[in-house]
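# sequence? don't have it. structure:
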């Protein structure tokens with residue numbers, strides 16, 4: 001993650017939302033595909049985009065190389081959250097709309113470093129192997 005703009009105190013206008021949490025949604029080889037039948041991937045992404053409009057950024061990326069945990073979502077803290085000790089949180093097996101709603105609520109409340117996640121998200125969190 002880039003350190004540009006860290007601690008500048010500037011808002012999101014020029015940076016397209018850089019003062020917000022970023023929710024990265026994997027849509028690579030396994031996540032978001034028919035390899036996970038019965039999961040409404042489009043509804044999950046739509047919910048995140050709608051719920052976080054104005055409070056967080058949602059970006060879609062290719063494979064995050066954690067296919068055994070599909071669908072994978074990474075919640076990156078805002079600059080304020082990072083300054084408060086927040087670090088990116090990797091969530092796996094996010095395959096129901098309620099989990100996406102919990103993620104959106106957490107990010108809207110401040111996300112990593114600024115707000116405690118709903119307890120149920122502990123079940124989805126995993127340590128990313130380096």
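On my side now, so go ahead. Keep in mind the model is a prediction, meaning the values are calculated, not measured. Residues are numbered from 1 along each chain as shown.

# and residue 115, backbone torsions?
Backbone torsions for residue 115, taken as degrees, to the nearest 10, come to phi -140, psi 140.

# can you give me the helices for this structure?
In the chain, the helices defined using DSSP state H lie at 41-52, 79-83, 97-108.

# What is the first one packed up against?
In this structure, helix 41-52 makes packing contacts with strand 21-26, strand 56-61, helix 97-108, judged by 3 or more Cβ pairs under 8 Å, 6 or more residues apart in numbering; DSSP states H and E. Every C-beta, even on glycine, is put in place using the N, C-alpha and C of the backbone.

# in this protein, which segments are predicted with low confidence?
Within the chain, the stretches with pLDDT under 70 are 1-18, 130.

# Show me the one of the helices and strands packed on helix 41-52 that comes nearest residue 69.
strand 21-26 (9.2 Å; Cβ to Cβ).

# List the strands paired with that closest one, with their directions.
Strand 21-26 sits in its sheet next to strand 56-61 (parallel), strand 73-76 (antiparallel), going by DSSP bridges.

# can the ones you listed go into a markdown table with extra columns for distance to residue 82 and mean neighbour count?
Converted to a markdown table, those look like this (distance: least, Cβ to Cβ, whole Å; neighbours: other Cβ atoms under 10 Å):
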| stretch | distance to residue 82 | mean neighbour count |
| --- | --- | --- |
| strand 56-61 | 14 | 18 |
| strand 73-76 | 8 | 22 |
